[in-house]
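Undergrad: sequence unknown, structure follows:
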């Protein structure tokens, strides 16, 4: 590579030491080392499950939990020591997730898992190898004034997609956060966004990349293809040369060596230095990208290439040929391959996914005929749960399996570096907003303890519920709101409360109302704000799972 | 505490004390004009230092960037090449993150992130490739040196000529030497020169480093910086050749020289187009229209009532264009004052969709008197009754948002977010309720934190526009649709007569009986404080800030005076440039 005599090192000397922060230093690492640094960046995947509504059943929850739903046999921990809701301490229960594996036959008689141990019918034996890298929760509550579809609740945007002034989903927050992208260059990376549950405010680096495997490949990798072409290499050399000159030009101005800027103020100087740092990172990004990610080849496309599904009207989707299910599985297999490779080589750090298999299970209006009938029809509930099992296996399970297969050194796999969240859109029944089904995988580089089952519900808090006569509320107790969960997630990625708070209100997400008071679904008028003690706890680490 | 904020603070205190009724006590400042007396904070004192608010080095915003690149290369390109050039650049410019603010004008956000820097660099490369990739274009750039482009003297000549325009100031010897080295170091010399100049800090930023500094860190802009400041306000772009010449020969330093340039530029078609368009966008936040909720059946029903409705992006552009046409005619053709701007019932529907919304014939694009289209009597009045302003992208009329916009953008009042925006306990919403009834039921519950601001401020302002449906069509009845999710969704359940606000008290702007939106707008049009608000918007726009009024009460007062004393809005614009603060910068 041809370099102009005055190199970036000279520029750094010219800058002085005041802005020599760690990311800058890494830009001076040998190319290979710098590329490696990009490879092990933390990642976040949010997978949203349409509807939720699995019921308080062994189809979703482990049998040992359902059999002891409100008992005291598990280990206890204190969530809020005093002054919790209604003045009652908020005590949670937990245990090692592995101890929740069972051979309970379930509604399928254990057949689909060949009678092996498993967490549940939905979270089948395919997750067994990773059970110590998972966390499973009960009592994770969403809250909002109306709970409809695609309101972004699973991502933490409590009041939904319609109002752009409300909170972005957490993937959007991360997509624009320099703390998430420890290498500042990476903030310009594309985000893999295929989910209708993502916030509508898209940024330059956050287009929808949904559609098909081929589009996913284009979005993530096409930019790296052909980069070994001599012309591309030559272009890169030219670009490196040019950026070096631009940096020199900035240096001239910063140092007052131009006639117009001889009187440059310290604030202006700092602003230009910051700009120059960004130029460094741009150069490093270009250089690294030429040397990594280019090994990922376009995958063979299954006959059925698409994987997009509209958010809940699955009946719009035409399954097509008799082999469509197999092809559809292959499409998701290819996509999860691509994502694992993209996280591995640094082509992206964020993905937001949603899919359904409902259209293979029901040819009519899945939304109305199946999802909304779950509480009334066992048949509909079983169909729905089969659909969610497919998502657990082909989205969540596949992601976990593939990420855990990539060794990143130091005894870690790629899965350990990030978090994959499998979050239900709604709670145990569709359109309610408490007890969202949620399983996570990964520890975000050790921030989270893993291998736990945590029931966040406060069993002692019975006094505030208004409508226990409603059968769907029978097992309901107030738990932990998503605000606190996502505050923990953001802290795992290096954020402080000051980074994500608004109006100094604790937690991540809009001012939630407490579903614990609601009693019935579809009734926004029965929500009231969480008690102050609960709100004030939103930034605190969650006991049992977060070690900080 | 600066005076403006003191006043605002006082206002808020009074407002809170009096349940959100501001300015009950007229204890503050006054300024006489033909419109009357303001209580707005135009408190210009004789010893005012006329010092701008301290500001950081400001980058060109996306609008300025695109204009600058077009103007920079326009002399070398044919008309078709300009289109190609624009089409090549625009996707990259669109990828530059948009800087936004929650309240006020987005141009006040001068953020620069890694993405901004990366995208700008890629843009510089693309522009350089476009220019140098076509030999005939490059020859135009090189001029007489086209056949001897490799010689040192030619390179120097190119750098002097092109560098002056790109960096908006002459290149000194050091700079010439530096860029000559850039050209000779590697690869394509002219590509490198163009790309590096476009990536230079003096291109990317408004390089206003000033001349001598006062003890308060205020600097007078040097003469080329003055040319740029003037140009980026009026042209929204780099100085043209005449302006650069006026800087080079020093004439821009004299008041007469400055006036000559201002008068010349105010006749420039690009000034007319760009200034109007960008100010309208920033003042009225037109870029922030959101996609309609087409999954909601009643939204589909409403949209389907437009003849052959275009895709939203097209419709958005048409709605915006109608506002541009309105401003263009009123400000530049009619030389309107503020009152005329606010009360004109002219509409400019270029197509059937807009004509249908306004209930008029289509406009043929001519400013001939016989071609102008007037809205039906008592239906439209100024910017606040444009279809663009009224279109909600929703199934309802969003009276709260309409009210908030009026309160913020036409009264310059701020609103804090409510402490708790959940629906109060015990509220029962019925299917037969109008949008107004729903808003009242949910926001005017006695004893809640909402009622103070909603009952007296936001809601009455928003309800004034009840005569316009969610598409901006005039109506006398509100159609209430069956609830979503029912078999009859999208169908009309019941119709009720609309009842726009008939009385409102938001001192000092308005107090008493009004007749709906027209009444409200007419009150604002003759209200001196609303004019003071508008004057401050103009000044803030010129300074790319939302806070300049605090530091520059004298400037705003003078603009107010220029427009208020039967002057036109163009007189106000001219007045801006003549303020001493305009050619100053306070360093951070």
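TA: Perfect, I can see it now. Computed from a predicted model, the values in this text were never measured in an experiment.

Undergrad: switch to C-alpha atoms for all contacts and neighbour counts from now on
TA: OK.

Undergrad: tell me where the stretch 101-250 of chain A has strands.
TA: Taking DSSP state E, counting those that start in this stretch, the strands of the stretch 101-250 of chain A run over residues A:134-138, A:140-141, A:192-193.

Undergrad: just name the most buried of the ones you listed.
TA: Among these, ranked by average contacts under mean count of other Cα atoms under 10 Å in any protein chain shown, first place goes to strand A:140-141 (a mean of 27).

Undergrad: quick check: mean pLDDT across that one?
TA: Across strand A:140-141, the average pLDDT comes to 87.

Undergrad: related to what we said a few turns ago, a markdown table for the strands of the stretch 101-250 of chain A, including distance to chain B?
TA: Shown next, in a markdown table, are the strands of the stretch 101-250 of chain A (distance: least, Cα to the nearest Cα, whole Å):
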| stretch | distance to chain B |
| --- | --- |
| strand A:134-138 | 26 |
| strand A:140-141 | 17 |
| strand A:192-193 | 17 |
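
Undergrad: got these as CSV, with distance to residue B:62 columns?
TA: Shown next, in CSV, are the strands of the stretch 101-250 of chain A (distance: least, Cα to Cα, whole Å):
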stretch, distance to residue B:62
strand A:134-138, 45
strand A:140-141, 42
strand A:192-193, 26
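
Undergrad: show me what counts as buried in stretch B:235-254.
TA: B:235-240, B:243-244, B:246-247, B:251-253 (16 or more other Cα atoms under 10 Å in any protein chain shown).

Undergrad: which residues does that stretch contact?
TA: With contact meaning Cα atoms under 8 Å, 6 or more residues apart in numbering or on different chains, stretch B:235-254 is reached by B:63-65, B:67-68, B:71-72, B:165, B:168-169, B:223-224, B:226-228, B:230-232, B:257-258, B:261, B:265, B:270-271, B:274-275.

Undergrad: repeat the analysis, applying 6 Å as the threshold.
TA: B:64, B:67-68, B:223-224, B:228, B:231, B:257-258, B:271 (Cα atoms under 6 Å, 6 or more residues apart in numbering or on different chains).

Undergrad: and what of stretch B:541-553?
TA: With contact meaning Cα under 6 Å, 6+ apart, stretch B:541-553 is reached by B:4, B:42-44, B:52-53, B:107-108, B:233, B:540.

Undergrad: next one: it to chain centre, how far?
TA: In terms of Cα atoms, centre = their mean, to the nearest Å, the centre of stretch B:541-553 is found 14 Å from the chain centre.

Undergrad: ok, now stretch B:436-447?
TA: Computed by Cα atoms, centre = their mean, the chain-centroid distance of stretch B:436-447 equals 33 Å.

Undergrad: check whether that stretch comes near chain A.
TA: No. Stretch B:436-447 stays out of contact with chain A when judged by Cα under 6 Å from any Cα of the partner chain, the minimum separation being 9.7 Å.

Undergrad: which ones among the contacts of stretch B:541-553 map onto strands?
TA: Nothing among the contacts of stretch B:541-553 maps onto strands, per DSSP state E.

Undergrad: get me the contact residues on the stretch 401-550 of chain B for chain A.
TA: residue B:425.

Undergrad: taking the stretch 401-550 of chain B, what residue is nearest to chain A?
TA: Closest contact between the stretch 401-550 of chain B and chain A, by Cα to the nearest Cα, is at residue B:425 (5.2 Å).

Undergrad: so that residue versus residue B:446, what's the distance?
TA: When distance is defined by Cα to Cα, to the nearest Å, residue B:425 is 11 Å away from residue B:446.

Undergrad: over to residue B:153?
TA: Distance from residue B:153 to residue B:446, by Cα to Cα: 80 Å.

Undergrad: for residue B:334, same thing?
TA: Counting by Cα to Cα - residue B:334 and residue B:446 are separated by 48 Å.

Undergrad: likewise for residue A:363?
TA: When distance is defined by Cα to Cα, residue A:363 is 51 Å away from residue B:446.

Undergrad: the two - which one has more neighbours?
TA: Between residue A:363 and residue B:446, counted using other Cα atoms under 10 Å in any protein chain shown, the more crowded position is residue A:363 (15 against 11).

Undergrad: which strand or helix spans that one?
TA: Using DSSP states H and E, residue A:363 sits within no helix or strand.

Undergrad: can you pull the pLDDT of it?
TA: 75.

Undergrad: avg pLDDT for the longest helix anywhere in chain B?
TA: Looking across chain B with DSSP state H, the single longest helix is helix B:114-132. Regarding helix B:114-132, the rounded mean pLDDT is 91.

Undergrad: next one: stretch B:576-588
TA: For stretch B:576-588, mean pLDDT is 93.

Undergrad: compute the first-to-last residue distance for it.
TA: The straight-line separation of the ends of stretch B:576-588 (Cα to Cα) is 23 Å.

Undergrad: likewise stretch B:388-395?
TA: Note: stretch B:388-395 ends 16 Å apart using Cα to Cα.

Undergrad: does chain A sit close to that stretch?
TA: No. Stretch B:388-395 lies apart from chain A when judged by Cα under 6 Å from any Cα; the minimum separation is 9.2 Å.

Undergrad: quick check: buried residues in that stretch?
TA: For stretch B:388-395, the buried set under the neighbour-count rule, 16+ other Cα under 10 Å, comprises B:388-395.
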